[in-house]
Structures are given as structure tokens and as C-alpha cells.
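> model the following, please.
(2 chains)
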Protein chains: 2
Amino acid sequence: MITGKNYIGNNLIANGIKTYTTFNPQLNKENTSVFVEATTDEIDQAVSLAKTAYKEFSKISGVRKAVFLDVIADEILALDDELIQTYCSETGLPEGRAKGERGRTVGQLRSFAKLVEEGSWVEATIDTAQPDRQPMARPDVRKMMLPLGPVVVFGASNFPLAYSTAGGDTAAALASGCPVIVKSHPMHAGTGELVASAIIKAAEKTGMPNGVFSNINSSGIEVGVYLVKHPDVKAVGFTGSIRGGRALYDLAAQRDEPIPVFAEMGSVNPVIILPNALQDRGEALAKTYASSITLGTGQFCTNPGLIVGIKGAELSNFVSNLSKDILEINPTCMLHPNIVGAFEQSKSTVLSQEKINVTAEFTDTVQSNYAKQVVATVDGSTFLENTKLHQEVFGPFSIIVQCENSDELEEVISKLEGQLTGTVIGANDEVSEYSNVVSALQNRVGRIIFNGVPTGVEVCPSMVHGGPYPASTDSRFTAVGVNSIKRWVRPFSYQDWPNHLLPDELKNENSLEILRHINGKLTMSKI
Amino acid sequence: MITGKNYIGNNLIANGIKTYTTFNPQLNKENTSVFVEATTDEIDQAVSLAKTAYKEFSKISGVRKAVFLDVIADEILALDDELIQTYCSETGLPEGRAKGERGRTVGQLRSFAKLVEEGSWVEATIDTAQPDRQPMARPDVRKMMLPLGPVVVFGASNFPLAYSTAGGDTAAALASGCPVIVKSHPMHAGTGELVASAIIKAAEKTGMPNGVFSNINSSGIEVGVYLVKHPDVKAVGFTGSIRGGRALYDLAAQRDEPIPVFAEMGSVNPVIILPNALQDRGEALAKTYASSITLGTGQFCTNPGLIVGIKGAELSNFVSNLSKDILEINPTCMLHPNIVGAFEQSKSTVLSQEKINVTAEFTDTVQSNYAKQVVATVDGSTFLENTKLHQEVFGPFSIIVQCENSDELEEVISKLEGQLTGTVIGANDEVSEYSNVVSALQNRVGRIIFNGVPTGVEVCPSMVHGGPYPASTDSRFTAVGVNSIKRWVRPFSYQDWPNHLLPDELKNENSLEILRHINGKLTMSKI
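Residues are numbered from 1 along each chain as shown, chains lettered A, B, ... in the order given. Purely as a prediction, here's the structure:
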């Protein structure tokens, strides 16, 4: 049941006076639940509980953390239809998407459970003593990863489950041993509270310390600012806009004690379409891309917002086909009137630039909050001169850049800001001719795709979801996959520490049977 | 031969008009070589060469990078006596220290050579395609670490070899495939130029692209500021003061495209001395610490500047013994008159605070630039109230905090800023009684030492040299050991990429025979 209150640790509290509701974009009306914004005192309590919980939670065994994560997944599934209905009512997204995203969320939690249950992720590294070494003895040094401390998570508007309350940031942080304070996304506060209730139930059932998780309501920016500036907060995870992510990054960098912010932000996900591929299968590609551009109403951070090719009959045909195909797709609902407003505004900013040709624009009347897809073209030289055309338009929109030749294509790619993904569509024999273009693309992105679409981020250890700024604030980490745990941990060394006082991961016995680097060799041996 | 010029890539260039010299603190006079500060144009050239070199160097095989690093080590050794004499004349440090540090530097280069020659460090992770998976096919995704781009390195005053021109930051960056631009430290510009000449010789002998390394002279802050703000610089390594490191961190965070700065900065390296240990072997401990505090004239970032104990006869005896022992040690030379000046100033700031007892102060006349060691004591409550007492005094100085009881001891530790190291001196049966104190210490440091001294940083894979701010700007990395390479790389995914176009590390064949995670299993198998 949705109460509208904050979870301050295990307790539902709402002493604040500022309230807000969520919005059903399909029905174009407000939902009924009323959410109470957290007070400063409540936030302080949540952080203080997290700080205390850290002392215990940071030392809990991997096996116990795995049980906690698995029970969170179970409790999310147990929310069943209430969760799915709330999700749909707060996003306008269809039930199938809700269920798919729930599956992804539960899958992420279970993959972190497996990771920490197995235990080798801590990168245990041991160099044993050499008391007789000349000119001086070598000490015994043992290293492993330790959790940073309380982590604040800001969820995404477009993924109320997989990148929000119990999404990848939270799952990774809890797996690492960091308590989590979620700044609930105001567009899906009900979904957020339900998921938070599942986490709290799981924490209680598995004996986790009070404060290991809190869920803070807020409809403005003040609460987030307060959280990021709080001296007892040690790291921040964010998924959302460049403006929002950069603001939090700046706040964190300006603290007396700067803390890491991993923000996954905007991206136009450039797609390079090479001539031979267009000749071979231009029509099929047009269909594939019409569908990728409109998938989820274009509200994916990996939406292909920029397609780059070389002028010629093949590209012209592709533009015609894509424009025709995309208009055959029925418009769908966006997440919120504010998202629709932003879509309309950024679309019209781009379309009002000089030398932009609109080749497809859905013009029929649609329901409120439904997005009308658009495709436009522009010359390479115009694109190079006007950085307004490089900005993300969040929604079903793509711009096709028509370059004079491969040099201009390379220049267009090199001038782009950092991106989550880059895609190359080419015939097998054609790609090596464009190696400079591919190198330029590689330098700008976190993931490169061959003959596919950027939408769809597989959750697997080899996935990188991140990339050079502004795709993320730190390209050295990923937001998806089990390695995303590295955002929330730091290496720590014990020197000549008594064996019985070491964590199990570093004790001689290796009772956890994890893989460790011992004197340069990777082994499961004891010492 | 020292020319005083800048290495702009492989060329010695000096079109500037601003010059400076280095200083021999033992002789208390300027050295003869004149160094020419780099012009803006020269810096631009160096960055531009680095950017171009990156295209080739980032793709060079591990085996070729290993040869490059090994030849750098050889060329440094070939500098022989000229390097040792220059080092001594620019630092006042003895020949034994120069040779020891050269050994460490060469050892670091060779350990990175081994790492990249073997090749598994790239964390290759492969999840193969499952075309028949339901509800949708799984793509083939393959991930590995790629170098970030040109790295700027600021060397340390106190380690002209091991943490400077070809020190840990440079060795790690070159090993990763990043070109390096060193902002030469003005106090040892001659040593820097000699080492730079060795790197350039090695680059030429092993066919590395021009621009893989540059060495930029500068005696002020403008050149460093310009470098950190340069859009084509992608990361920064720094070793030095909190003020300097924080200034560079702030500049980098304020860029349009923020870049990572790993700064290893100040530390007081708290040492907790427990009562039973003092009872058992207080006299020996006093001798050990007298020598650790004065080692290298106290000019180590791991110098024990803070000793914390519980009031009682044992601690009083320890204070007396330490004070006696430390006055028997002959003062030694500091690096530079400016360092002496800073030592005198920060020492007198601390000593002028209320309720400070000086228990040892070397008062005999000493040579110019020699440091007079000091030990002082203070009550726990005074220390807690006055954060001026928490600051690093760079030199042979230590303050002993006398706490009322273990609660106050815990409070003192919890109130400290982040530290490189923390040390616990205790009897074996005594440490578990103080588990809260040890936990508090662990949260503040990057490395914890049992019954030893913090000075002496073993170069090994299990070492963490870093820690919570302000010990470093990002506790998630280490400056020492082969894992320090992680500062300069980012994970990168290839999705459905043709096998023949993948880097060798990710090809099916595994011709490099590296360890890879394939579908969740760590293996050397091919696919």
C-alpha cells in the first residue's frame, strides 16, 4: 500500500508539510496518492542511520548480503500486480514494458547476489612477507576492496525500476556493503515507495541493520542538493539529464571533502551508415531504425538520435524509406507532461536552425502526452558549424547528417561530445576502409556496435554503460553489469596484520574459497 | 647533458624568455644549469603531438610497450653517475638514497613492463551471443580496458625519481597506452631533464610515435594551470601538497569536460600506541619511532606526524624515551630553502597553539637548510578542539596526543581527515579490545599497519598508496603498485564486432594467451 511517507530507515515518517502527487499521462490526470516531501530533520536522520548501519553492514559476509539481495528480488516480485499497475499509472508505459523492466531489475539484484556470494570480486591480493630480503625485509601486505560508505542514489524518470529505487546503482551499492539513501524520483514516487517497502521488508527479514536503506520523497531540487552536500554521504549515483548530473557533480566537487559522483547522462548515440551496407539492405535498415527510434517513445538513453552517412543515392533512399516507415508507426505516450514539453521544445530548437530539412513529421492529432515522431536531415558542414544540432532530443527524433565524403564523416564524429554508444552499419569488407572513422567513434563512446541498434542494453559482465563526458561524469566506470560495483568501493591494504584479525577474504585459510592473487599468481590456494 | 630546454616530443626546444635554476641545499647555493620555461606555443605543440601519438600508441601491443618501458629503465641506469650527482645536487639527499630511489624507479618500470607483456591486466570479458535466447537474442559483447588519452604528470619535490618524470604515474600511464606530458618539478629540473632524455632515447630506439612523451619546464603555476585546462588533456596525476593538488582538482572539475585528477597529497599518518605494547617494549618503540620520524629528514608522505595513546606511566615513559632518542639523531638537510621555510612556519603554527608541550627540540646550531627535529605532546581534548593541530608538518616533527581513555582515543581518530596510512602498535591480545578504534582508523586510511612504521611503501600489487580525501582526491585508486594503471584506463565494449577487427585481447583465438572472463568463467581458452 502506498502511504506517501518517507522510509527513514525502517520507519515510515512524514512530518513535512510540502506535498505532491504523480501524474497518469495516459489518462492525462493526477494520481490520487499524496507524497510528503522529507524534512531536513528526516534527511539528517536517514544519513545518521546510514552512517551507523555502515559500521555493521560494511562487514557483513558476502553470503548474508547475497541473501538480502535475493530477498529484495523476491519481495519486489511479491508486490505483483500493485507494482505493475502503479508503474503503468505513473509512466504511461504498457504492462509488458513494466513486467520486462521488473524482470531486468530482479535479474540485476540476483546477479549481484551471485557475485558477492561467490566473493572473488573483492580482488584479494596478497604479497607474503620476506623477512630475509636484502637490503630490507618485505612486509606482509594484503589488499581487498572495501565499501566507501553511505551512497545517495538519484533514479531515472525513464526507468522507474531498473535504474531507480532498487535499480543498478542501489543493487551495486548494497552488494558492495554501502548503505543506500534513495532520492525518490517525483514522477514515479508510488512505484518508488512500493519498491522501497520491498527493500525494507527484505532488510528486516534478513537481519540487516536499520538504516541500510532509506527512501526520501522530494519534488524539487533542495533535498537532492542537501543530500549531496551532507558530510556523511560518501558517493552519489545518478541517471538523468546532463544539466541535473552536472549540477550534482559540481556540488560534490566543491565539498570540503569531494566525493565521487557517477552520473549517467545524455547521449545522441551516433550511428554511422556506410554506403555498401545501404546498397545491400537499405530497406531493411530503414525499418529497423524506424522502430529503434520510436522504441519506448524514444525515451531510452541509448536512442539513436543521430545517423551519419555519405551523400549519394543509397543514403537518399534510406532517408525516404526511414521517413515513410516511421510515419507508419503509431505514436505512443510519453512519461509525463513535462517530458512532452521538453521534447517539443528541444525538437523545435533543432528544427528552427538553418538548413534543416524535415523529412518525416507525424501530424495527425494524437492523445494528450503522446509524442509525434520526427526525422530531419542536414549537411555535414552545417552540422559541424552548429553545435545546437549535437544536443540530445529526448524522444522519438533522429537527425540524419549527410556528409560529402569520408573525411567529413570523420570530422563530424570527432567533433561530437562523449556518447554512451556508437554504431557502425557496414558491409563486412567495408569497415576496414573507414578505420579512421571507426577510431574517431571509439574515442567518443563507451560501447561500439556493429550492424545493430544501440537500444537494448544487455545486462552482462562485458557491458559498458557509460562513456566519455557528458555520457557519464567518469568514463572509468560502468553503470550496468556486475563491474558497476567498482564505483562504490576502494582498495584497502593491511600490512603485517594478524591473521585472526583479517577479514576472511584475506586470511591464510581462504575459507571462502575465492580466487586471490598471491605473490603474483591467481589461485584458490590457502597460504 | 643538461640543456635546460623542454622536450616537446623528441625535440629539445626553448623559445621562452623566463628562466630559472635549481638549488643545492647542502652547499646553500644555486646550481649552474639554467632552465627555460615552456611557452604557451610549446605546450600546445606538446599536447598536439601527444594527441596524435595517442592514435598509434593506444593500439601498440603490450609486448612493444614492455620493451619501451624496459629500455626506459636501461637508459635511466645508463645515465649513471651524472644522474646520481645531479639528483644529490638538487635535493641535498645522500647518494645512497639517490641510488635506492633509482632502483625503485627502474623496478616500477620493469614491473609495468611485465604486466603489459603478460597482458591479462586489460580485464578482457566476453559474453558470447545466444541467437536463440527468448524473449530476445543475446548479442556478443566483449569488453576490455582502453587508455584515456594524454595524461599530464606533476612530479613530487620529495621523490625526484620514483614519483616524478619516469615515476609511478608516468610508468602506469605509458603502460596503459596513454602519452605523457610531464610538468617538470622546478626544484629538480636537471634530474627531470636527464630522466626525460632517457625516456626520449627509449622512445626513439623502440619506434614509439613522436609525442608519446614530453617534458615541460616551469617554475610557476601558470604552465600547470594551462595544461590541466587544455581540452586535449584527458587525465592528471599529481603528487604533492593538499593546496596544490586541490587547486588542480578544482580546475579539472570546472572544465567543460571534467577530467579525472589523481592527486596524492598530505597525510599525518596517525599511529595508535596501545598500553600493553608500551609496557612490553616501550623503549624499543621509542627508538624505532625516533628513527621513522627523522627518516629522509621527515620528508616522506608517510612520515608519522601523529602518535595517539592513552595517558599513563607507559605513555609518559615512551614520550621521554622518544624525546631523548630523537635528539641523539643528527639533523639532516632538507630539499630546498622553501621547504625549510615551510617546515619552520608550520612547526611554529602548531607550537604556538595553546596547551602544547614541546618535549624535544633540537637547538644546536646546524648547517643552512638542515631541519631541527621536534616532538610535542597535547591532551586529547585540546587536540579535538583545535584542527590546526591536525595539519601535516612536512619535516621531522611529530605530535603525541595523550587521551584520557579509549573512548577519547576513538573520537580523536574519527575526527581526523583522510590519511594515507594508519598504524596500530599493540600486544597481540590487546587489539581486539580496541576494535572500535581500529574500525575508526580503517575508515580514515588507505593502508593499516600492525606493529611497524608507516614509512617505507613496498612496491607490490597488494599495496594501496592513496586513501580518503585529502590523502588523495579519489580513494578508489592507488598511486603505487601495478593496479595504479587503473587510473588511466576506461572499460570499453564491442558489441557484435567482427572477430578480425577486434583487438587481439578480445579475438576468439586468444593468441596472446591471456586470462579472460568468458561467459562468467575465468579462462585462457579460445572460443
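
> of all the residues in the stretch 151-300 of chain A, which one is nearest chain B?
Closest residue of the stretch 151-300 of chain A to chain B, CB to the nearest CB: residue A:253 (3.8 Å). C-beta: built from backbone N, CA, C; applies to glycine.

> buried sites along stretch A:361-381?
A:362, A:369-381 (16 or more other CB atoms under 10 Å in any protein chain shown).

> show me the two of those that sit farthest apart.
Spatial extent of the buried residues of stretch A:361-381 (CB to CB) is set by the pair A:369 and A:381 at 37.1 Å.

> quick one: the helices in the stretch 251-400 of chain A, in order.
A:275-294, A:313-327, A:337-351, A:380-385 (DSSP state H, counting those that start in this stretch).

> rewinding a little: for the residue of the stretch 151-300 of chain A closest to chain B, which non-adjacent residue is spatially closest?
residue B:253 (3.8 Å; CB to CB, 6 or more residues apart in numbering or on different chains).

> contact partners for the one you found?
A:249, A:250, A:253, A:254, A:258, B:261 (CB atoms under 8 Å, 6 or more residues apart in numbering or on different chains).

> what residues does the stretch 301-450 of chain A have near chain B?
A:417-418, A:428, A:431-432, A:438-439, A:442-443, A:446-450 (CB under 8 Å from any CB of the partner chain).

> which members of those are the farthest-apart pair?
So, those by CB to CB: farthest apart are A:417 and A:428, at 29.9 Å.

> looking at the two, which is more packed in?
Using other CB atoms under 10 Å in any protein chain shown, the more surrounded residue of residue A:417 and residue A:428 is residue A:417, with 20 against 13.

> for the more buried one, give me the pLDDT.
Looking at residue A:417, its pLDDT reads 96.

> distance of the closest residue to it other than its chain neighbours from residue A:162?
Nearest residue to residue A:417, sequence neighbours excluded (CB to CB, 6+ apart): residue A:470, at 5.7 Å. As judged by CB to CB, to the nearest Å, residue A:470 and residue A:162 stand 21 Å apart.

> ditto for residue A:522
Counting by CB to CB - residue A:522 and residue A:162 are separated by 33 Å.

> these two: who's more crowded?
residue A:162 (25 against 13).

> right, and that one touches residue A:168 too?
Yes. At 6.7 Å, residue A:162 and residue A:168 qualify as touching, with contact defined as CB atoms under 8 Å.

> which residues do the two both contact?
Contacts common to residue A:162 and residue A:168, judged by CB under 8 Å, 6+ apart, are residue A:108.

> return the residues of the stretch 1-150 of chain A in contact with chain B.
Within reach of chain B by CB under 8 Å from any CB, the stretch 1-150 of chain A has these residues: A:55, A:100, A:125-127, A:136, A:138-139, A:141-143, A:146, A:148-149.

> sort out for me which of those are in helices.
With helices identified by DSSP state H, the entries of the residues of the stretch 1-150 of chain A next to chain B that belong to them are A:55, A:100.

> what helices and strands are in contact with the biggest helix by length in chain A?
In chain A, taking DSSP H as the definition, the longest helix is helix A:62-91. Other helices and strands packing on helix A:62-91, by 3 or more CB pairs under 8 Å, 6 or more residues apart in numbering or on different chains; DSSP states H and E, are strand A:23-24, helix A:95-118, helix A:168-176, helix A:189-205.

> related to what we said a few turns ago, Throw the helices of the stretch 251-400 of chain A into JSON lines and include distance to residue B:153 and mean pLDDT, thanks.
Listed next are those as JSON lines, based on distance: least, CB to CB, whole Å; pLDDT from 0 to 100:
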{"stretch": "helix A:275-294", "distance to residue B:153": "43", "mean pLDDT": "96"}
{"stretch": "helix A:313-327", "distance to residue B:153": "45", "mean pLDDT": "97"}
{"stretch": "helix A:337-351", "distance to residue B:153": "40", "mean pLDDT": "96"}
{"stretch": "helix A:380-385", "distance to residue B:153": "33", "mean pLDDT": "98"}
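
> which of those helices sits closest to residue B:408?
Closest among the helices of the stretch 251-400 of chain A, using CB to CB: helix A:337-351, at 53.0 Å.

> ok now stretch A:308-325, how far from the chain's centre?
Remark: stretch A:308-325 is offset 32 Å from the chain centroid, using CA atoms, centre = their mean, to the nearest Å.

> an error on my part: the question was meant for stretch A:53-64.
25 Å.

> let me know the average pLDDT across that stretch.
For stretch A:53-64, the per-residue pLDDT averages 98.

> who touches that stretch?
Taking CB under 8 Å, 6+ apart as the rule, stretch A:53-64 contacts A:9, A:116-119, A:146-147, A:149-150, A:177-179, A:206-212, A:503-504, A:512, B:439.

> then it to CSV, C-alphas only?
The C-alpha trace of stretch A:53-64 is given here as CSV (Å, rounded to 0.1, in the frame of the first residue of the first chain):
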residue,chain,number,x,y,z
ALA,A,53,24.4,1.0,9.7
TYR,A,54,27.7,1.2,7.7
LYS,A,55,29.7,0.1,10.7
GLU,A,56,27.9,-3.3,10.7
PHE,A,57,26.8,-3.6,7.1
SER,A,58,30.3,-3.0,5.6
LYS,A,59,31.5,-6.1,7.5
ILE,A,60,28.6,-8.4,6.8
SER,A,61,29.6,-11.6,4.8
GLY,A,62,29.0,-11.9,1.1
VAL,A,63,26.7,-14.8,1.8
ARG,A,64,24.5,-12.7,4.0
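
> residue A:148 against residue A:178, yeah?
Yes. Counting by CB under 8 Å, residue A:148 does reach residue A:178; the two are 5.9 Å apart.

> of the two, who's got more company?
Comparing residue A:148 with residue A:178 by other CB under 10 Å, the one with more neighbours is residue A:178, at 28 against 25.

> check which helix or strand that one maps to.
For residue A:178, there is no helix or strand it lies in under DSSP states H and E.

> just the buried residues of stretch A:361-381: which are in strands?
Counted as lying in strands by DSSP state E, out of those, are A:374, A:375, A:376, A:377, A:378, A:379.

> picking that back up, mind putting the helices and strands packed on helix A:62-91 into TSV with mean pLDDT and mean neighbour count?
Converted to TSV, the helices and strands packed on helix A:62-91 look like this (pLDDT from 0 to 100; neighbours: other CB atoms under 10 Å in any protein chain shown):
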stretch	mean pLDDT	mean neighbour count
strand A:23-24	98	21
helix A:95-118	97	20
helix A:168-176	98	30
helix A:189-205	98	24
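
> among these, which comes closest to residue A:399?
Nearest to residue A:399, of the helices and strands packed on helix A:62-91 and by CB to CB, is helix A:95-118 at 25.8 Å.

> check the offset of that closest one from the chain's centre.
Mean-position distance between helix A:95-118 and its chain equals 14 Å (CA atoms, centre = their mean).

> please apply the same query to stretch A:429-445.
On CA atoms, centre = their mean, the centre of stretch A:429-445 falls 26 Å from the chain's centre.

> what are the buried residues along that stretch?
Buried residues in stretch A:429-445 (16+ other CB under 10 Å): A:430, A:431, A:434, A:437, A:438, A:440, A:441, A:442, A:443, A:444, A:445.
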